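**Student:** here's a sequence, model it:
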Amino acid sequence: MNWYLPITIIPGLGMLILSTTSQMMTLSSEIGSLLSNKCSSYQHKISERKIKQLGLLTRASALLYLATGCYVLSGILGVVFETEAILSVPSIALYVGTVLVFVAISLLIIYAFKAVKIRRDQFENNHNLES
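**Tutor:** Now for the predicted structure:
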């Protein structure tokens with residue numbers, strides 16, 4: 001394993017972290033506006049679902065931070081140990097970081113599906129109120 005391989009992945013992770021953080025801020029603002037006034041039971045249910053989504057984003061973001069740390073550690077250890085073994089310490093750090101990225105991406109996919117479902121439910125609720 002070349003020591004610079006894991007470090008080349010970090011800018012992509014940075015973009016994922018930036019996107020996730022932006023989504024967290026937007027969702028947090030939505031939750032704040034929903035809860036700023038006395039809410040109906042429907043708004044309370046939507047807020048509860050959005051808070052769960054915020055938890056998903058927070059976990060995904062934390063996993064992306066950990067993965068970034070694993071990649072940096074893998075690169076540094078690659079220089080220190082200068083080994084090409086598949087089960088070396090730098091390689092294991094790289095594998096752990098990659099698993100963390102895949103788990104984080106899975107959480108982001110779940111978040112996306114739930115976000116669409118919440119929007120659809122809000123649309124249907126608003127449509128039913130107009131009828």
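**Student:** and stretch 101-121, what's buried?
**Tutor:** Val101, Val103, Ala104, Leu107, Leu108, Tyr111, Ala115, Ile118 (16 or more other CB atoms under 10 Å). In this view, the C-beta of every residue, glycine as well, is placed from N, C-alpha and C.
**Student:** which SSE is the third one in?
**Tutor:** Counting by DSSP states H and E, the secondary-structure element that holds Ala104 is helix 89-130.
**Student:** can you spell out which helices and strands pack onto that helix?
**Tutor:** If you count contacts as 3 or more CB pairs under 8 Å, 6 or more residues apart in numbering; DSSP states H and E, helix 89-130 packs onto helix 5-35, helix 41-81.
**Student:** neighbours of the closest residue to Leu16 other than its chain neighbours, just the number please.
**Tutor:** Leaving aside its sequence neighbours, Leu16 sits nearest to Leu64 (CB to CB, 6 or more residues apart in numbering; 5.6 Å). For Leu64, the count of nearby residues is 26 (other CB atoms under 10 Å).
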